[in-house]
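> Just need the structure, nothing else, for what follows:
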Amino acid sequence: MSMKAVITDLDRTLLRTDKSISGYTADVFRKCRERGIPVMIASARPLRDIRDFQKQIGFDAVTATNGAVIELPDGQREYGIPHASGEQILAGLLRFPDVFLSVETSGGLYSNRDIPVWEPVIYDGFPKLPDGVVLYKILASSSRRELYDGVGQILTEDVYCTISNHDLVQIMSTDATKWNGIRQMLACFGISPDDAVYFGDDNDDIEPIRNCGTGVAVAGAIPAVLDAADRITDSSDDDGVARFIETNIFG
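Predicted coordinates:
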């Protein structure tokens, strides 16, 4: 298999359950770069949560926050939700009982409750947004099904919604998609999507899996991803991404 670029999701695809990258995987990625094959990331995580992995692997380009932020060798691009739309959506979300709200912005994460792992700014001003920030993503969850059944009714025309891991609503600008980020990353290196392999496991990975030359699902991916994929590899805990590269690309 001849591939000119490797692109992968992070959580539950590249990262092990303990959120680590094995030495074996890091070594395979180093060999990719030695062979002139750029290694790129397309993740729902914000850039600040990708930095440590960037130091370990040295990704050539990064699509973060589901495509709201794209970091390329020639600079950074942002695709945010207009504030008017964001505040309208937040007002709608607040009508759902027991809703847990966060917004990912250029100024960091703001939340109506504490999330110790994420360390947000606790913010009680919703639906009004903090001043002077670009709104990258709205996140919502609830212990009750009303949110997940009804969120589609409050979206504005300039956004779309996904549900990650069955319990986290993510709302982004229609311009902020992993696939848009991937197209821009590949174009920066002059590589056709037909010459790229993409690895993923969740709903927001379906479009790149279908549109890249080879789409690979990791074991344990959701059924829709398994159905869309050209190939299936081992789980993240078994270094599936690296093993596929070593076996099928290095050959």
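
> Helices along the stretch 151-251 of the chain, start to end?
178-188, 206-211, 223-228, 240-244 (DSSP state H, counting those that start in this stretch).

> got a markdown table for those helices, with distance to Asn165 too?
The way it works is simple: take the backbone N, C-alpha and C, and place the C-beta from them, glycine included. Compiled in a markdown table, the helices of the stretch 151-251 of the chain are given as follows (distance: least, C-beta to C-beta, whole Å):
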| stretch | distance to Asn165 |
| --- | --- |
| helix 178-188 | 16 |
| helix 206-211 | 15 |
| helix 223-228 | 13 |
| helix 240-244 | 18 |
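
> In a markdown table, list the ones you listed along with mean pLDDT, distance to Asp167 and mean neighbour count.
Shown next, in a markdown table, are the helices of the stretch 151-251 of the chain (pLDDT from 0 to 100; distance: least, C-beta to C-beta, whole Å; neighbours: other C-beta atoms under 10 Å):
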| stretch | mean pLDDT | distance to Asp167 | mean neighbour count |
| --- | --- | --- | --- |
| helix 178-188 | 97 | 20 | 21 |
| helix 206-211 | 97 | 19 | 21 |
| helix 223-228 | 97 | 17 | 15 |
| helix 240-244 | 98 | 24 | 23 |
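
> So which of these is nearest Leu72?
Leu72 lies closest to helix 178-188 among those, at 4.8 Å (C-beta to C-beta).

> Mind giving me the packing neighbours of that closest one?
Using 3 or more C-beta pairs under 8 Å, 6 or more residues apart in numbering; DSSP states H and E, the elements in contact with helix 178-188 are strand 5-8, strand 39-42, strand 61-64, strand 69-72, strand 196-200, helix 206-211.

> Partner strands of the second one and their direction?
Paired with strand 39-42 in the same sheet, following DSSP bridges, are strand 5-8 (parallel), strand 61-64 (parallel).

> Check the fifth one too.
In its sheet, strand 196-200 lies beside strand 5-8 (parallel), strand 214-218 (parallel), with partners assigned from DSSP bridges.

> just those strands: most buried one?
Across the strands paired with strand 196-200, averaging neighbours per residue (mean count of other C-beta atoms under 10 Å) puts strand 5-8 on top, at a mean of 26.

> residues near Met40, how many?
For Met40, the count of nearby residues is 24 (other C-beta atoms under 10 Å).

> doesn't Thr63 make contact with it?
Yes: using C-beta atoms under 8 Å, Met40 is in contact with Thr63, at 7.4 Å.

> what do these two both touch?
Residues touching both Met40 and Thr63 by C-beta atoms under 8 Å, 6 or more residues apart in numbering: Ile182, Met185.
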